[in-house]
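Asker: sequence and predicted model, in that order:
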Amino acid sequence: MTISSSTVALITGASSGIGTALALRLAAKGARVALAARRADRLNDVAERVRAAGGTPLVLVADLSHESECRRIVDETVRAFGTIDILVNNAGRGNMASVEDTSTEQLESMMHLNVYAPFWSTAQALPVMRANDRGHIVMIASVAGRMGYPFNAAYVAAKHAVVGFTASLRAELYGTNVHATAVNPAGVITEWADATEGGPIGQLYASAIPASRVLARERGLPLAPLSRMMPADDAARIIEEAIEAGRGGDVFTHEGTHEQAVDAVRDRVAQEDAFAALYLGMQAAYAKLRSQDTV
Ligand SMILES: NC(=O)c1ccc[n+]([C@@H]2O[C@H](COP(=O)([O-])OP(=O)(O)OC[C@H]3O[C@@H](n4cnc5c(N)ncnc54)[C@H](OP(=O)(O)O)[C@@H]3O)[C@@H](O)[C@H]2O)c1
């Protein structure tokens, strides 16, 4: 799809990170961009920047853990701009907890925001896109939707669900001009790692990574193949390219992560062995954080 001043996009989670960066990119092409998230002040600031970049913003303050809000933001976008061409289901939050420390409340929260919300918003946008025979639904999934990561199993399970949902959606849309793409980022420099429920998982990685290097040296283990952190605008550029490409497979933003996803399918245990030093480092870091009562 060519992005222009006639394009209407709704981006959830537009108040920070990847959502903000993508909104500014679409705005630079003149698009009308609806911006949804909970923090009104942040959305108003992004709206100003969208306007300055050449786009037309619409601020939609919403807590997307609720079905009515997910459906309302789609309806308000269509009411304000007359249609919807692009829906980017980007709002998301991680968690930090071992399986046995994950409360039912946290598990439900991960599922509501990361899985149910994109499902509800997509269901609301589809009739308009089908009637136009034009549209693109983008799910911001994760490499955590392709392989396991310790101490955020609820988030990992949610992102695996998003990947399955997107594949089913694409099959349902086969033969139409409405496309669905799952984007699978690895580390992106945003607020995500500090905003995880149950404690900041960024802190866990920050102490686990140096520990994993020591463990690798001491025990003769391989160094875990970690991706480099990516600026949010680089991830947004790749998402913009996927929208412009139209029909296409799922997208891996970081070098080497597609191969890791393939490895996970081919031989999960061998792949886990490659990450052994990191996993052991994370186990030690999590036990330490727990003993300090910070998680
Ligand atoms: N950063 C990474 O390393 C990384 C890696 C892989 C995948 N991802 C995925 O990328 C997506 C974007 O994350 P990000 O990295 O840009 O993180 P971020 O900066 O923390 O942005 C998350 C966005 O989600 C919104 N949000 C959170 N809870 C919400 C709720 N209940 N209702 C409505 N909006 C809500 C936040 O806005 P409010 O707080 O204002 O509501 C914020 O705009 C997420 O789906 C994330 O899982 C991120």
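Answerer: That came through, no problem.
Asker: switch to C-alpha atoms for all contacts and neighbour counts from now on
Answerer: Noted.
Asker: so the spatially most central residue of the chain bridges to which residues?
Answerer: The centroid of the chain falls nearest to residue 140 when counting by Cα atoms, centre = their mean (3.5 Å). Residue 140 forms beta bridges with residue 183, as assigned by DSSP bridges.
Asker: for residue 35, same thing?
Answerer: Applying DSSP bridges, one finds that residue 35 bridges with residue 11, residue 59.
Asker: tally of neighbours for it?
Answerer: 28 (other Cα atoms under 10 Å).
Asker: residue at max distance from the center of the chain?
Answerer: Quick read of the chain (Cα atoms, centre = their mean): farthest out is residue 218, 35.7 Å.
Asker: what's the separation between that one and residue 211?
Answerer: 11 Å (Cα to Cα, to the nearest Å).
Asker: then residue 118?
Answerer: From residue 118 to residue 211 the distance is 37 Å (Cα to Cα).
Asker: looking at these two, which is more packed in?
Answerer: Using other Cα under 10 Å as the criterion, residue 118 and residue 211 rank with residue 118 on top: 31 against 18.
Asker: residues contacting that one?
Answerer: Listed by Cα atoms under 8 Å, 6 or more residues apart in numbering, the contact set of residue 118 reads 70, 89, 139.
Asker: is the ligand within reach of the strand or helix carrying it?
Answerer: Residue 118 belongs to helix 117-132 when assigned by DSSP states H and E. No. Helix 117-132 does not reach the ligand (Cα under 6 Å from any ligand atom); its nearest approach is 8.6 Å.
Asker: that helix - what's its average pLDDT?
Answerer: In this model, helix 117-132 has a mean pLDDT of 98.
Asker: again with stretch 60-71
Answerer: Stretch 60-71 comes out at a mean pLDDT of 98.
Asker: how about it and the ligand, touching?
Answerer: Yes. Stretch 60-71 is in contact with the ligand by Cα under 6 Å from any ligand atom, via 62, 63, 64, 65.
Asker: what sits against the residue nearest to the centre of the chain?
Answerer: Residue 140 is in contact with 88, 89, 90, 182, 183, 184, 185, counting by Cα under 8 Å, 6+ apart.
Asker: now the fourth one: how far from the ligand?
Answerer: Taken as Cα to the nearest ligand atom, to the nearest Å, the spacing of residue 182 relative to the ligand amounts to 11 Å.
Asker: verify the stated contact: that residue with residue 251.
Answerer: Yes. Counting by Cα atoms under 8 Å, residue 182 touches residue 251, with 6.3 Å between them.
Asker: those two: which is more packed in?
Answerer: residue 182 (27 against 19).
Asker: so what's that one scoring on pLDDT?
Answerer: With respect to pLDDT, residue 182 has a value of 97.
Asker: ok but residue 138 is inside a strand, no?
Answerer: Yes. Assigned with DSSP: H, G, I helix; E, B strand; the rest coil, residue 138 falls within a strand.
Asker: now do it: how many residues are near it, please.
Answerer: Neighbours of residue 138 (other Cα under 10 Å): 24.
Asker: list the contacts of it.
Answerer: So residue 138 contacts 86, 87, 88, 89, 90, 180, 181, 182, 183, 243 (Cα under 8 Å, 6+ apart).
Asker: on that earlier part again, pLDDT value on the residue farthest from the centre of the chain, please?
Answerer: 94.
Asker: anything in whichever strand or helix holds it near the ligand?
Answerer: Applying DSSP H and E as the criterion places residue 218 in helix 201-219. No. Using Cα under 6 Å from any ligand atom, we find that helix 201-219 stays clear of the ligand, coming within 9.3 Å at best.
Asker: show me what that helix is packed against.
Answerer: The helices and strands touching helix 201-219, judged by 3 or more Cα pairs under 8 Å, 6 or more residues apart in numbering; DSSP states H and E, are helix 276-291.
Asker: now the helix it packs on against helix 201-219, angle please.
Answerer: Using axes from the mean of the first three to the mean of the last three Cα atoms, to 10 degrees, the direction of helix 276-291 lies 130 degrees away from that of helix 201-219.
Asker: now helix 276-291 - C-alpha only, CSV.
Answerer: Provided in CSV are the C-alpha atoms of helix 276-291 (Å, rounded to 0.1, in the frame of the first residue of the first chain):
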residue,chain,number,x,y,z
ALA,A,276,22.6,-22.1,28.4
ALA,A,277,25.0,-19.5,29.8
LEU,A,278,22.3,-16.8,29.5
TYR,A,279,19.6,-18.9,31.1
LEU,A,280,21.9,-19.8,34.0
GLY,A,281,22.8,-16.2,34.4
MET,A,282,19.1,-15.2,34.5
GLN,A,283,18.3,-17.9,37.0
ALA,A,284,21.0,-16.4,39.3
ALA,A,285,19.9,-12.9,38.7
TYR,A,286,16.2,-13.7,39.3
ALA,A,287,17.0,-15.5,42.6
LYS,A,288,19.1,-12.5,43.7
LEU,A,289,16.3,-10.0,42.9
ARG,A,290,13.8,-12.2,44.7
SER,A,291,16.0,-12.5,47.8
